[in-house]
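*Asks:* No letters, just coordinates:
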């Protein structure tokens, strides 16, 4: 994606080439620019005025050659030697390289410094994450598809909820439905029942589902693009007060999405959702949301401290929650695309579903 | 695990504390020493002569407090402030800190340098990976359990193989069986049929299973510990020549495992397996194996260039393979524990299974 925009940036900043280092998906920018994932040790070089090149090991060479539109070079001895050869052969200047210091491993940087002694290394991580935050038509297509897959899996799982006895069984079924639809899991699926729901990042356990609210946080990856959705259902019979708290979260989410528009500050959006939770607002212990794309959490950040603004073609989550330690938890999360107006991409019902026991 | 051994090392090297930084499982050493995974932004400080402390965000605080035996501190503003407070309050010297430069992100290191201006940062990544390479009784128990889960899923999947139509269906079923046994997937499951089997790291596709060899590479994670196993089955009816190549790989694997003993060089072990492939040895395009533990690939490295030696209580893979580009691929991989003698932990049959079509 957006190789041209990257190269324009390099030209304007007088950076001779961008270099991305990757080991087992450690650099999302390499996945973004190459659209290739699951590479073992690899490197992408994007010269400012020549075609990009991918350096991969023998393990990936034949596969990647058959899948990629970029030139693929096999690392025969050491990556540093392949890189030096490449710059020399193609007569590319080595005054300034752009690197992604938000993902670059210290020891890889040391190696670069040793091998390219006269080169200056400029951090392009901020530029990359901004570039990635506004999605192309193709990216919107992939994320929308990821949301469809998520909806289908969530809806089917909620429909058959009474068949599950443990949190793990729910998780296993959701993950299976994702795989069946040719998607991977974007992050470890959370199924948190009873008191566990008060942990926003509960680790799903092989324990009987408890009565009360049950938070299900689930996302898939389709062609490298993520969805991230949460629904809270109720196991047993909710009290009136419990329904009221649920509605408070739901209304906060619905209202805040409605108010989203271009150029609004993310901190204002977060504050609106937070304030609307009234006396429960101190139990909303995380930000309102985050961008989704190659990563399940990327730019923009919707939080009180954020300095980001919402722009057209951004895709992000809106996920207010209330967590009472040792008692219960509720979170409702949708994926939202900002066009002229906000468009909710995830469509699983937000009515409080009751799973009777 | 092995906090005591880490602290002894720190004392001997006059390092005041070790610091591990982690974002979404980015540092396996933090998982190793804390035995906690799926933490969002977090940091572990291990002073040389005081109890370790974990710094986590509000997202993880309540959960981790209920799961961990270590002291947990919540990051209220910035991690750097929490860290400075901690060192000051506990009167811990700040002359030398040990960090894991093989996983430390450049920008985290920059921050450390800025906040601890007089401190020297020593790389302890080599020590950590050596420490992790010899497993404790508890770790062997977890890995053995991961291997049991893998065997059960693989055997059950191979038994019902004729029900699957596409590579993705096989993958989905394997992953489901892992989840049902309360394990996660250790890495993206590979199901590579027909020509795809010639890519060692094929990405499983939603395409009809092709006749010929089908490589299935599958591993799970149980209590943070990995297994990693490969079986190659045959779809259709193998020719005599194909059976012979399969047997060549199988015999190479069986023979090399038999020869494994304490203190043998990994490069010698690799060479023995490689040489026994005769004229096919040039198509064996990766190393013979690698350690498994917290990571699916860790120390030791079994390859021609490796300088590692095998020691008691190491757990590693033995996985010779032959990959003929555009034609076929075969790989047979077991997980091996070195006690006085090598013990094969994975037990799924290695007879050539024929899936008739």
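*Replies:* Thanks, I have it. All values reported here derive from a predicted model rather than from experimental measurement.

*Asks:* Contact partners for the closest residue to residue A:278 other than its chain neighbours?
*Replies:* For residue A:278, ignoring the flanking residues on the chain, the nearest one in space by Cβ to Cβ, 6 or more residues apart in numbering or on different chains is residue A:248 at 7.1 Å. (Glycine included, C-beta is placed from N, CA and C.) Neighbouring residues of residue A:248 by Cβ atoms under 8 Å, 6 or more residues apart in numbering or on different chains: A:276, A:277, A:278, A:280, A:322.

*Asks:* Adding neighbour count as columns, could you present those in CSV?
*Replies:* Formatted as CSV, the contacts of residue A:248 follow (neighbours: other Cβ atoms under 10 Å in any protein chain shown):
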residue, neighbour count
A:276, 19
A:277, 19
A:278, 9
A:280, 19
A:322, 25
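
*Asks:* Which ones among those residues map onto helices?
*Replies:* The members of these all map outside helices under DSSP state H.

*Asks:* Quick check: which element contains the residue nearest to residue A:278?
*Replies:* Per DSSP states H and E, residue A:248 falls inside helix A:240-259.

*Asks:* could you pull out the helices for chain A?
*Replies:* Under DSSP H, chain A gives helices at A:3-12, A:28-34, A:58-67, A:79-89, A:106-115, A:125-133, A:137-159, A:167-180, A:240-259, A:266-275.

*Asks:* what bridges to the residue nearest to residue A:183 when sequence neighbours are not counted?
*Replies:* Excluding the flanking residues, the one nearest residue A:183 by Cβ to Cβ, 6+ apart is residue A:220, at 3.9 Å. Beta-bridge pairing for residue A:220 (DSSP bridges): residue A:185.

*Asks:* My guess is residue A:220 contacts residue A:187. True?
*Replies:* No - if you go by Cβ atoms under 8 Å, residue A:220 and residue A:187 don't touch, sitting 9.6 Å apart.

*Asks:* closest point of the stretch 251-357 of chain A to chain B, which residue?
*Replies:* Proximity of the stretch 251-357 of chain A to chain B (Cβ to the nearest Cβ) peaks at residue A:285, 4.3 Å away.

*Asks:* For that residue, give me its contacts.
*Replies:* By Cβ under 8 Å, 6+ apart, residue A:285 lies in contact with A:200, A:321, A:323, B:58, B:59.

*Asks:* re the thing from before, if you count surrounding residues, which of residue A:220 and residue A:187 has more?
*Replies:* residue A:220 (31 against 18; other Cβ atoms under 10 Å in any protein chain shown).

*Asks:* mind checking how far the more buried one is from residue A:185?
*Replies:* 6 Å (Cβ to Cβ, to the nearest Å).

*Asks:* Overlap in contacts, these two.
*Replies:* Common contacts of residue A:220 and residue A:185 (Cβ under 8 Å, 6+ apart): residue A:178.

*Asks:* one step back: distance of the residue nearest to residue A:183 from residue A:257?
*Replies:* Applying Cβ to Cβ to residue A:220 and residue A:257 gives a distance of 21 Å.

*Asks:* Can you name the residues that contact residue A:27?
*Replies:* Counting by Cβ under 8 Å, 6+ apart, residue A:27 touches A:20, A:21, A:100, A:103, A:104.

*Asks:* Out of the contacts of residue A:285, flag the one nearest to residue A:270.
*Replies:* residue A:321 (12.4 Å; Cβ to Cβ).

*Asks:* So that closest one is in contact with residue A:331, correct?
*Replies:* Yes - look at residue A:321 against residue A:331 with Cβ under 8 Å: they come within range, at 3.5 Å.

*Asks:* Out of those two, name the residue with the larger neighbour count.
*Replies:* Between residue A:321 and residue A:331, counted using other Cβ under 10 Å, the more crowded position is residue A:321 (27 against 24).

*Asks:* need the contact list for the more buried one.
*Replies:* The neighbours of residue A:321, taking Cβ under 8 Å, 6+ apart as the test, are A:200, A:230, A:249, A:284, A:285, A:286, A:329, A:330, A:331, A:332.

*Asks:* Give the closest residue to residue A:256 in space, chain neighbours not counted.
*Replies:* Closest residue to residue A:256 apart from its sequence neighbours, by Cβ to Cβ, 6+ apart: residue A:273 at 4.1 Å.

*Asks:* wait, I meant residue A:357
*Replies:* Nearest non-adjacent residue to residue A:357, counting by Cβ to Cβ, 6+ apart: residue A:236, 5.4 Å away.

*Asks:* if I look at the one you found, how far off is chain B?
*Replies:* Counting by Cβ to the nearest Cβ, to the nearest Å, the gap from residue A:236 to chain B is 23 Å.

*Asks:* so that residue touches residue A:211, yeah?
*Replies:* Yes - if you go by Cβ under 8 Å, residue A:236 and residue A:211 touch, sitting 3.8 Å apart.

*Asks:* I'd like to know which residues of the stretch 51-200 of chain A are adjacent to chain B.
*Replies:* A:58-60, A:62-63, A:66-67, A:99, A:101-107, A:109-110, A:123, A:125, A:168-169, A:171-172, A:175-176, A:179-180, A:182, A:184, A:187-188, A:198-200 (Cβ under 8 Å from any Cβ of the partner chain).

*Asks:* Mutual contacts of residue A:321 and residue A:331, please.
*Replies:* The contact sets of residue A:321 and residue A:331 overlap at A:200, A:230, A:249 (Cβ under 8 Å, 6+ apart).

*Asks:* can you redo those as TSV with pLDDT and neighbour count?
*Replies:* What follows is the shared contacts of residue A:321 and residue A:331, written out as TSV (pLDDT from 0 to 100; neighbours: other Cβ atoms under 10 Å in any protein chain shown):
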residue	pLDDT	neighbour count
A:200	93	26
A:230	98	22
A:249	98	23
